[in-house]
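A.B. asks: okay, sequence plus prediction incoming.
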Amino acid sequence: MKRSFLILFLTCILLGCDTRSPEEKIENLNGYWEIKLAELPEGIKKEFRFSEMVDYIQVEENEGFRKKVRPQLGGTFITSEDRENFTVKVENDSINLYYTTPFNSWKETLLSSEENEIKILNQLGIIYTYKRFTPYSTDYGQED
(Lines give C-alpha, C1' and ligand atoms only; values in the text may rest on other atoms or scores of the structure.)
Protein backbone atom coordinates (compact mmCIF):
# COMPACT_ATOMS: atom_id res chain seq x y z
CA MET A 1 0.00 0.00 0.00
CA LYS A 2 2.82 2.40 0.91
CA ARG A 3 4.57 1.59 -2.39
CA SER A 4 1.40 2.36 -4.40
CA PHE A 5 0.95 5.65 -2.58
CA LEU A 6 4.60 6.55 -3.18
CA ILE A 7 4.28 5.80 -6.92
CA LEU A 8 1.11 7.89 -7.15
CA PHE A 9 2.73 10.75 -5.22
CA LEU A 10 5.87 10.73 -7.39
CA THR A 11 3.74 10.59 -10.53
CA CYS A 12 1.82 13.69 -9.42
CA ILE A 13 5.05 15.54 -8.68
CA LEU A 14 6.63 14.56 -11.99
CA LEU A 15 3.58 15.54 -14.01
CA GLY A 16 2.99 18.70 -12.01
CA CYS A 17 6.49 20.07 -12.60
CA ASP A 18 6.43 19.55 -16.36
CA THR A 19 5.40 22.63 -18.36
CA ARG A 20 5.14 20.89 -21.73
CA SER A 21 1.69 20.28 -23.18
CA PRO A 22 0.22 16.77 -23.29
CA GLU A 23 0.44 16.94 -27.10
CA GLU A 24 4.23 17.44 -26.89
CA LYS A 25 4.58 14.53 -24.46
CA ILE A 26 2.49 12.28 -26.70
CA GLU A 27 4.49 13.31 -29.79
CA ASN A 28 7.69 12.16 -28.03
CA LEU A 29 6.33 8.60 -28.07
CA ASN A 30 6.81 8.29 -31.83
CA GLY A 31 9.83 6.27 -32.87
CA TYR A 32 11.98 3.31 -31.93
CA TRP A 33 12.48 2.56 -28.21
CA GLU A 34 14.84 0.18 -26.45
CA ILE A 35 14.04 -0.99 -22.91
CA LYS A 36 16.58 0.23 -20.37
CA LEU A 37 15.13 -0.51 -16.91
CA ALA A 38 12.18 -2.19 -15.20
CA GLU A 39 11.34 -1.21 -11.61
CA LEU A 40 9.04 -3.57 -9.73
CA PRO A 41 6.72 -2.31 -6.96
CA GLU A 42 8.82 -4.21 -4.38
CA GLY A 43 11.79 -1.98 -5.22
CA ILE A 44 13.58 -4.56 -7.36
CA LYS A 45 15.27 -3.06 -10.43
CA LYS A 46 16.20 -4.97 -13.58
CA GLU A 47 18.63 -3.26 -15.97
CA PHE A 48 18.71 -4.22 -19.63
CA ARG A 49 22.13 -3.73 -21.20
CA PHE A 50 21.11 -5.16 -24.56
CA SER A 51 17.83 -6.16 -26.12
CA GLU A 52 17.31 -8.05 -29.39
CA MET A 53 13.90 -6.43 -29.85
CA VAL A 54 12.95 -2.77 -30.04
CA ASP A 55 9.48 -1.25 -29.65
CA TYR A 56 8.25 0.87 -32.53
CA ILE A 57 5.53 3.31 -31.43
CA GLN A 58 3.43 5.44 -33.78
CA VAL A 59 0.77 7.91 -32.57
CA GLU A 60 -1.49 10.14 -34.68
CA GLU A 61 -4.49 12.06 -33.36
CA ASN A 62 -4.73 10.09 -30.10
CA GLU A 63 -4.68 6.70 -31.85
CA GLY A 64 -1.56 4.62 -32.05
CA PHE A 65 0.12 1.25 -32.12
CA ARG A 66 3.17 -0.49 -30.71
CA LYS A 67 5.00 -3.33 -32.38
CA LYS A 68 8.20 -5.27 -31.77
CA VAL A 69 10.92 -5.06 -34.41
CA ARG A 70 14.35 -6.67 -34.59
CA PRO A 71 17.15 -4.31 -35.69
CA GLN A 72 19.65 -5.62 -38.22
CA LEU A 73 23.28 -4.62 -38.68
CA GLY A 74 22.55 -2.96 -42.02
CA GLY A 75 20.11 -0.53 -40.38
CA THR A 76 16.94 -2.35 -41.40
CA PHE A 77 14.37 -4.04 -39.15
CA ILE A 78 12.71 -7.43 -39.26
CA THR A 79 9.09 -7.03 -38.28
CA SER A 80 5.90 -9.03 -38.14
CA GLU A 81 2.36 -7.93 -38.81
CA ASP A 82 1.51 -8.26 -35.10
CA ARG A 83 0.81 -4.97 -33.36
CA GLU A 84 -0.97 -3.65 -30.28
CA ASN A 85 -3.35 -0.78 -30.99
CA PHE A 86 -4.03 1.83 -28.34
CA THR A 87 -5.98 5.00 -27.70
CA VAL A 88 -4.40 7.97 -25.90
CA LYS A 89 -6.50 9.83 -23.33
CA VAL A 90 -5.53 12.78 -21.13
CA GLU A 91 -7.33 12.20 -17.82
CA ASN A 92 -6.82 14.07 -14.54
CA ASP A 93 -3.43 15.45 -15.64
CA SER A 94 -2.27 11.96 -16.67
CA ILE A 95 -1.66 10.56 -20.13
CA ASN A 96 -3.10 7.06 -20.36
CA LEU A 97 -2.69 4.52 -23.13
CA TYR A 98 -5.63 2.11 -23.48
CA TYR A 99 -4.69 -1.08 -25.34
CA THR A 100 -7.11 -3.52 -26.89
CA THR A 101 -6.25 -6.81 -28.59
CA PRO A 102 -8.48 -9.77 -29.42
CA PHE A 103 -7.10 -11.43 -26.27
CA ASN A 104 -6.93 -8.67 -23.64
CA SER A 105 -7.41 -4.99 -22.72
CA TRP A 106 -5.20 -2.94 -20.40
CA LYS A 107 -4.06 0.54 -19.46
CA GLU A 108 -0.61 2.08 -19.14
CA THR A 109 0.24 5.56 -17.82
CA LEU A 110 2.93 7.73 -19.38
CA LEU A 111 4.93 9.00 -16.39
CA SER A 112 7.48 11.05 -18.32
CA SER A 113 8.24 11.74 -21.93
CA GLU A 114 11.47 13.32 -23.08
CA GLU A 115 13.05 13.34 -26.50
CA ASN A 116 15.38 10.46 -25.61
CA GLU A 117 13.65 8.74 -22.67
CA ILE A 118 10.14 7.68 -21.71
CA LYS A 119 8.77 6.07 -18.55
CA ILE A 120 5.60 4.01 -18.55
CA LEU A 121 3.69 2.57 -15.56
CA ASN A 122 1.66 -0.59 -16.18
CA GLN A 123 -1.30 -1.97 -14.21
CA LEU A 124 0.95 -4.22 -12.12
CA GLY A 125 2.86 -1.19 -10.80
CA ILE A 126 5.97 -1.88 -12.90
CA ILE A 127 7.71 1.22 -14.23
CA TYR A 128 9.46 0.69 -17.56
CA THR A 129 12.15 3.13 -18.68
CA TYR A 130 12.97 3.22 -22.39
CA LYS A 131 15.74 5.03 -24.23
CA ARG A 132 15.53 6.09 -27.84
CA PHE A 133 17.06 3.39 -30.01
CA THR A 134 20.45 4.20 -31.56
CA PRO A 135 20.66 2.71 -35.05
CA TYR A 136 23.36 0.27 -36.07
CA SER A 137 23.85 2.03 -39.43
CA THR A 138 22.90 5.08 -41.50
CA ASP A 139 20.01 3.22 -43.22
CA TYR A 140 17.97 3.72 -40.03
CA GLY A 141 14.22 3.30 -40.33
CA GLN A 142 13.92 0.82 -43.18
CA GLU A 143 12.00 -2.39 -42.64
CA ASP A 144 12.64 -5.74 -44.37
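C.D. replies: Everything's here; your move.
A.B. asks: so Glu24, which of the three states?
C.D. replies: helix (DSSP: H, G, I helix; E, B strand; the rest coil).
A.B. asks: tally of neighbours for it?
C.D. replies: By other Cβ atoms under 10 Å, the residues close to Glu24 number 12. Glycine gets a C-beta too; all of them are placed from N, C-alpha and C.
A.B. asks: measure it to Ser112 for me?
C.D. replies: 12 Å (Cβ to Cβ, to the nearest Å).
A.B. asks: now Ser94
C.D. replies: 12 Å.
A.B. asks: for Asp82, same thing?
C.D. replies: 27 Å.
A.B. asks: which of these two has more residues huddled nearby?
C.D. replies: Set Asp82 next to Ser112 and count neighbours by other Cβ under 10 Å: Ser112 wins out with 17 against 8.
A.B. asks: quick one: that one from Tyr98, how far?
C.D. replies: In terms of Cβ to Cβ, Ser112 sits 19 Å off from Tyr98.
A.B. asks: pLDDT weak spots in the chain?
C.D. replies: Applying pLDDT under 70 to the chain picks out residues 1-20, 137-144.
A.B. asks: tell me where it has helices.
C.D. replies: 2-17, 22-27 (DSSP state H).
A.B. asks: show me what counts as buried in the last one.
C.D. replies: Judged by neighbour count using 16 or more other Cβ atoms under 10 Å, the buried positions of helix 22-27 are 22, 25-26.
A.B. asks: repeat that for stretch 114-121.
C.D. replies: Across stretch 114-121, burial judged by 16+ other Cβ under 10 Å covers 118-121.
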